[in-house]
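>>> 3D, please:
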Amino acid sequence: MTQDIEAHAAVPTWRRIVNFPLVALAIALALIMATLATLSWGLRLIPATIDPDLADAIKAIVTVAAVIAVYKLVLRHLGSEPRDDLGWRGAGREIGVGLIIGAGLISLSVGIAALCGVYRIVGAGGWSEFVRIASQAGLVAGVVEELIFRGILFRWIEQLAGSWATLALTSLLFGLAHIANDNATLFSSLAIALEAGILLGAAYMLTRSLWLAIGIHAAWNIAQGFVWDVPVSGHAVNGLVEAEMSGPAWLSGGPFGLEASVIAMVVATAAGLWLLRMAIARGHLVAPMWLRKPAIETPPDTRDTSAIT
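Modelled structure (predicted):
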């Protein structure tokens, strides 16, 4: 006990302040936002004469590479319990499983919508928007949004408030983040909070890694827009087929797309609860800070860094 107290006292006050969950969260969020703002300015320098598909691909690759680099260089080292939620080991398998889950869930939702008579294919589409959908709705949304909402907000709010409060809060914030999208309504934001907030939050809780959530998020968007020609979070797209949505908005999602329908809410939320059940069974729930035994921090020069290498 005396050694623990001495070790705690050896950590400078500024370090303990920086390591506090909400402070670490604020620093991480500020760094990512600064990175995205810089990229937004810098990517405008891409010549307007360049092929639009190539420009979209370049923007997506540079954006994803930049935020991952910032995470690897700085964010994973923040807080009193440094860890890497973007570790390379097992990343391919988790992304692959996520792609299957994401594409499968939205395809199941489309199938149910077709059986209910609110979705039908009326013609052939094409590949004209594949790169835009895959790069922006898939790669960028999958990586950047998951890093912000699960890799930053969920991670450090959970350290303070525990898993249950964090899952509820981050799900709500994720839904509200889509309120300014085209054709968005309060109901569409609530739907996304339930279906995507719980599903992606539970995926993170289960694996304690971002890769599964990234795979689910990216595949859901790509399959929804490119394969089934359904608006992606309110944004109209052109897919491999030409499809029409009709019927009551609560069933079809209206102009916002199937994500604002009861169908997607039931399918995705059920999958999220299943992942959540698995996370609970594996003992991955975190209690609020005030109910946990305080962790004793070690000075920077003696900290075990095996978990962050």
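>>> could you pull out the strands for this structure?
Taking DSSP state E as the test, the strands found in the chain are 119-124, 241-245.
>>> List the neighbours of the shortest one that are in contact with it.
Contact partners of strand 241-245, identified using Cβ atoms under 8 Å, 6 or more residues apart in numbering, comprise 113, 118-125, 227-230, 252-254, 257-258. Bear in mind the C-beta positions are built from the backbone N, C-alpha and C, glycine included.
>>> separation between Gly87 and Ala113?
Plainly put, Gly87 is 37 Å away from Ala113 if you go by Cβ to Cβ, to the nearest Å.
>>> neighbour count winner among the two?
Taking other Cβ atoms under 10 Å, Gly87 and Ala113 do not tie; Ala113 has more neighbours (24 against 18).
>>> Nearest residue to that one in space, please, no chain neighbours.
Tyr119 (3.8 Å; Cβ to Cβ, 6 or more residues apart in numbering).
>>> how much space between that neighbour and Arg155?
In terms of Cβ to Cβ, Tyr119 sits 37 Å off from Arg155.
>>> How about Ser189: what's its closest non-neighbour residue?
Gly175 (4.2 Å).
>>> could the strands of the chain go into TSV alongside mean pLDDT?
As requested, the strands of the chain are exported to TSV (pLDDT from 0 to 100):
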stretch	mean pLDDT
strand 119-124	96
strand 241-245	95
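>>> for those strands, which one sits closest to Gly96?
Nearest to Gly96, of all those, is strand 241-245, at 25.0 Å by Cβ to Cβ.
>>> Quick check: can you name the pairing partners of the closest one and their directions?
strand 119-124 (antiparallel) (DSSP bridges).
>>> in the partner strand, what's buried?
119, 121 (16 or more other Cβ atoms under 10 Å).
>>> In contact with the residue nearest the centre of the chain: list those residues for me.
Centroid-nearest residue in the chain, with Cα atoms, centre = their mean: Glu146, separated by 2.3 Å. Going by Cβ under 8 Å, 6+ apart, Glu146 touches 200, 204, 210, 213-214, 217.
>>> try 6 Å
By Cβ atoms under 6 Å, 6 or more residues apart in numbering, the residues touching Glu146 are 210, 213-214, 217.
>>> repeat for Leu199
By Cβ under 6 Å, 6+ apart, the neighbours of Leu199 are 268, 271-272.
>>> re earlier: can I get the strands of the chain in JSON lines including distance to Ala180?
Shown next, in JSON lines, are the strands of the chain (distance: least, Cβ to Cβ, whole Å):
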{"stretch": "strand 119-124", "distance to Ala180": "26"}
{"stretch": "strand 241-245", "distance to Ala180": "22"}
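>>> and of these, who's closest to Ile133?
strand 241-245 (13.4 Å).
>>> buried ones in that closest one?
For strand 241-245, burial by neighbour count (16+ other Cβ under 10 Å) applies to 241, 243, 245.
>>> Over to stretch 243-262?
For stretch 243-262, a neighbour-count test (16+ other Cβ under 10 Å) marks 243, 245, 249, 251-262 as buried.
>>> Same question for stretch 104-117.
So for stretch 104-117, counting by 16+ other Cβ under 10 Å, buried means 104-107, 109-110, 112-113.
>>> In helices only, show me those.
The helices in this structure, assigned by DSSP state H, contain 104-107, 109-110, 112-113 from the buried residues of stretch 104-117.
>>> State the distance from Val262 to Phe20.
41 Å.
>>> Got the confidence number for the residue nearest to Ala219 when sequence neighbours are not counted?
Excluding its sequence neighbours, the residue lying closest to Ala219 (Cβ to Cβ, 6+ apart) is Gly102, at 3.1 Å. Predicted confidence (pLDDT) for Gly102: 98.
>>> Check the one 5 residues further on too.
For Ser107, the model assigns a pLDDT of 98.
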